[in-house]
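A.B. asks: Any chance you can model this:
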Amino acid sequence: MNRLNLPNKLTLVRIFVVPIIIVFLINPLPLYSFLAAGVFSLAAITDWLDGHLARSTGQVTTLGKLLDPIADKILIMSVLVPLVGLGRVPAWLATIIIGRELAVSGVRMVAASEKLIIPAGTLGKYKTGFEIAAMEFLMLDWNFRFIDFQTIGMLCLFVALAFSLTSATNYFLLYWRSNETRTT
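C.D. replies: Residues are numbered from 1 along each chain as shown. Just a heads-up that it's a prediction; the model follows:
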């Protein structure tokens, strides 16, 4: 099976649009925040689309299982850091989220080196969904009538944090349990 199939190419697109999002995001004009959020939305859609295509067409690959969560992390972390710089996200919160992402990636890499693939779990998918929603609201940072996008974005980010820490615990437990099973 071709490793660089359409789902994997879509995953790569998610990585390659990150610089475009950042250029728009750090520009102070409101139009550019809208453009950043729009490009981010398209990138987020590829997260759903690549998985859907891979499963529905039987094109699930080991490369895709490893690359997809890395692309998600690059997308989220690359937006999170400028949001800290723009004063829209507290540094401590971004540090916890980024630290979790690096720790889970480390566990997944160690597991992969041992020929064990730990796919994204349901909690991780919820985490990603809330992170995406949070990033959208925080990038836009608008007050529209009675709707404060900053507050909604921060609420989504705190929900994402709860899913993030819970799913990280699950990844570590899955890895440790698989190690115990293989060594006994």
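A.B. asks: Please enumerate the strands of this structure.
C.D. replies: Assignment of strands within the chain using DSSP state E yields the ranges 143-144, 147-148.
A.B. asks: Identify whichever of these lies nearest to residue 48.
C.D. replies: Distances from residue 48 to each of the strands of the chain were compared using CB to CB; the minimum, 25.0 Å, belongs to strand 147-148. Using the backbone N, CA and C atoms, a C-beta is placed for each residue, glycine as well.
A.B. asks: Pairing partners for the closest one, with directions?
C.D. replies: Within its sheet, strand 147-148 is paired with strand 143-144 (antiparallel), according to DSSP bridges.
A.B. asks: circling back to that earlier point, which one of the strands of the chain lies nearest to residue 60?
C.D. replies: For the strands of the chain, distance to residue 60 was read as CB to CB. The smallest value, 39.2 Å, belongs to strand 147-148.
A.B. asks: Show the average pLDDT along that closest one.
C.D. replies: When pLDDT is averaged along strand 147-148, the result is 88.
A.B. asks: now it, how far from the centre of its chain.
C.D. replies: Centroid displacement of strand 147-148 relative to its chain, using CA atoms, centre = their mean, to the nearest Å, is 24 Å.
A.B. asks: again, but for stretch 153-170
C.D. replies: On the basis of CA atoms, centre = their mean, the separation between the geometric centre of stretch 153-170 and that of its chain is 12 Å.
A.B. asks: Quick one: residues in contact with that stretch.
C.D. replies: Contacts of stretch 153-170 from elsewhere in the structure, counted by CB atoms under 8 Å, 6 or more residues apart in numbering, are 88-89, 93, 96-97, 100, 103-104, 121, 123-124, 126-128, 130-131, 133-138, 141.
A.B. asks: Could you list the buried residues of the helix of greatest length in the chain?
C.D. replies: With residue count as the measure and DSSP state H as the assignment, the chain has helix 149-183 as its longest helix. When neighbours are counted by 16 or more other CB atoms under 10 Å, the buried residues of helix 149-183 are found to be 149-150, 152-154, 156-157, 159-161, 163-164, 167-168, 170-171, 174-175.
A.B. asks: which residues sit against the one helix or strand in the chain whose mean pLDDT sits lowest?
C.D. replies: Comparing every helix and strand of the chain by mean pLDDT, DSSP states H and E singles out strand 143-144 as the least confident one, with a mean of 76. Residues from elsewhere that reach strand 143-144, judged by CB under 8 Å, 6+ apart: 149-150.
A.B. asks: gap between that strand and the chain center?
C.D. replies: Between the centre of strand 143-144 and the centre of its host chain there is 26 Å, according to CA atoms, centre = their mean.
A.B. asks: Having no further points to raise, I will conclude here.
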